[in-house]
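Peer 1: got a sequence here, can you build the structure:
(one chain, ligands or ions: 1)
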Amino acid sequence: MNLLTKAARGTQDVLPADSYKWQFVQDIMLKEAELYGFKEIRTPAFEHTELFDRGVGDDTDIVQKEMYTFNDKAGRSLTLKPEGTVAAVRAVLEHGLLNDGIPLKLTYITPCYRYEKPQSGRYREFFQFGVETFGAASPAADAEIICLATTLFERLGISNLSLEINSIGCPECRQAYRGALKKFFEKHREKLCSTCTDRLEKNPMRIVDCKNLECQKIVEDAPNIIDFLCEDCEQHFKDVKNYLSESKIDYKINPKIVRGLDYYTRTVFEFVSSSDSNRSLVCGGGGRYDGLIEEIGGPATPAVGFGIGIERLILLMQSQGIEIPKPKRCDIFIATADKTAQTKALHLAKTLRESSFYAEIDIVERSLKTQLKYADKINAKFLLVLGEKEFSEKKAEMKNMASGEKFIINLDNDFLTKTKNILSD
Ligand code: HAM
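Peer 2: As a prediction, the model looks like this:
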């Protein structure tokens, strides 16, 4: 295999034929987040490995199996971000953003890296859109986040997504749950995968999230955390559900959702595609993480957020036949018969581009005939041909490529006004 011309496994190029879809989706996401008061944050592609060990959790699949970790030349252990939340938390603490007042609302679009088995919708490099609200413990914050995610999917025209929610309580509720889980899994120890036998002692809740099919079968009959919630957590969950119902957001309770990252507390949720071809694709997920900021060394601060995989979103839109507006078409191609005309064409194109028209000129020295063919190929709306004759007469012909209609344009001062009028019509 020629490695020089092959992208690394699990990564993909976004080619010009598709990049407009990304621009469209990202634009909608950032604009919608803005309406909810989220401001963009950009964090580096890599962080100190300890941050993810501590933040995402030592016992998670991500930390145990999926991180891209390397030593830099000074021998520091660094890791390519496997997700966006922990890096955002690190930046919030480093820059004291919580001192500016709460709630602090951040959004981001970031590349993430996980060493997973690549398949459709699962990559080793993928992009996450995420939002995080810091400093709000109220169930209204959970509901607001879920409401934003729901609206985003709606704005993108996506249907057949079901919202599944659960509450995984606080450390207090978990204590009793851990005991019950341990007792249950102990009975099935022989059948668990080797990673889960290790988890049995340290973190049995992680077994509930194991991707191994044998383990998943056992998990079906395992006790559910929702039956172990303390009074406060139960009330919080009840309130979240009330907010959702009041906002007419449909949801389903899935007591098996525990999420693949250790930092979650209380509300957790996932948006699952229920269309036939993408039966079990989770397009987005998130939840509350009230203990994470303290875990990373900051003050006790409640927080809630979610992440959506952009690749999965676009795949889903394509599978549902959702039309994404095509990129802007070339407004005008200025064809030139000689070098003098070409020099002037650049200036005319510059003038039109300054007024936000999409103008093209010949930059590969094609013959006039081939330039006309090229204008056709790129589907230019108008064609303007310039040569010695046009400049000596100070006027040229502009043609509507679709209708064939022709307009005479003066090449002097009112070139811009007249051309703009025709192009805008
Ligand atoms: P996550 O569920 O691990 O959560 O990832 C969020 C989304 O990223 C997934 O729902 C999926 O769409 C996408 N995703 C995950 N792995 C891959 C992959 N290998 N290839 C393509 N897409 C993928 C988080 O990462 C949390 N940080 C979300 C969050 C934000 N929770 C609170 N705030």
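
Peer 1: going forward, measure contacts between C-alpha atoms and count neighbours the same way
Peer 2: Will do.

Peer 1: could you list the residues of the stretch 251-400 of the chain in contact with the ligand?
Peer 2: For the stretch 251-400 of the chain, the residues in contact with the ligand (CA under 6 Å from any ligand atom) are 282-287, 304-309, 312.

Peer 1: what about the residues you listed, which are in helices?
Peer 2: Members of those lying in helices (criterion: DSSP state H): R312.

Peer 1: okay, the residues of the stretch 251-400 of the chain next to the ligand in TSV with pLDDT and neighbour count next?
Peer 2: Formatted as TSV, those follow (pLDDT from 0 to 100; neighbours: other CA atoms under 10 Å):
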residue	pLDDT	neighbour count
V282	87	20
C283	90	22
G284	96	22
G285	97	22
G286	98	27
G287	98	28
V304	98	31
G305	98	25
F306	98	26
G307	98	24
I308	98	21
G309	97	22
R312	95	23
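
Peer 1: quick check: the farthest pair among the residues of the stretch 251-400 of the chain next to the ligand?
Peer 2: Distance extremes for those: the farthest pair is V304 and R312 at 22.0 Å, using CA to CA.

Peer 1: OK, contacts around D209?
Peer 2: Neighbour list for D209: Q216, I257, V258, R259, G260 [criterion: CA atoms under 8 Å, 6 or more residues apart in numbering].

Peer 1: residues near the residue in the stretch 51-200 of the chain that the ligand sits nearest to, how many?
Peer 2: Residue of the stretch 51-200 of the chain nearest the ligand, by CA to the nearest ligand atom: R122 (3.5 Å). Applying other CA atoms under 10 Å, we find 17 residues neighbouring R122.

Peer 1: got the phi and psi for it?
Peer 2: Per-residue torsions, R122: phi -130, psi 120 (degrees, to the nearest 10).

Peer 1: do I have it right that it meets E116?
Peer 2: Yes. At 7.4 Å, R122 counts as touching E116 under the criterion of CA atoms under 8 Å.

Peer 1: show me what from the stretch 1-150 of the chain comes close to the ligand.
Peer 2: Residues of the stretch 1-150 of the chain found near the ligand (CA under 6 Å from any ligand atom) are E83, G84, T85, R114, G121, R122, Y123, R124, F126, Q128, G130, E132.

Peer 1: so who does the last one touch?
Peer 2: Just to be clear, that refers to E132. Here E132 is in contact with T85, K105, L106, T107, A303, V304, G305, F306 (CA under 8 Å, 6+ apart).

Peer 1: could you find the closest non-adjacent residue to the fifth one?
Peer 2: I take that to be A303. F134 (4.4 Å; CA to CA, 6 or more residues apart in numbering).

Peer 1: return the residues in contact with the residue of the stretch 51-200 of the chain closest to the ligand.
Peer 2: G10, E116.

Peer 1: give me the pLDDT for it.
Peer 2: Per-residue pLDDT puts R122 at 95.

Peer 1: give me the contacts around the longest helix seen in the chain.
Peer 2: Criterion DSSP H: the longest helix present in the chain is helix 16-35. With CA under 8 Å, 6+ apart as the test, helix 16-35 has contacts from 39, 107, 109, 129, 131, 148, 152, 155-156, 310, 314, 324-327.

Peer 1: for stretch 68-86, same thing?
Peer 2: Outside stretch 68-86, the residues that touch it by CA under 8 Å, 6+ apart are 45-49, 51-52, 55-56, 62, 66-67, 87, 108, 110-115, 128, 130, 132, 307.

Peer 1: try it again with 7 Å
Peer 2: 45-49, 52, 55, 67, 110, 112-115 (CA atoms under 7 Å, 6 or more residues apart in numbering).

Peer 1: how about stretch 318-334: buried residues?
Peer 2: Neighbour-count burial for stretch 318-334, counted by 16 or more other CA atoms under 10 Å, picks out I324, C330, D331, I332, F333, I334.
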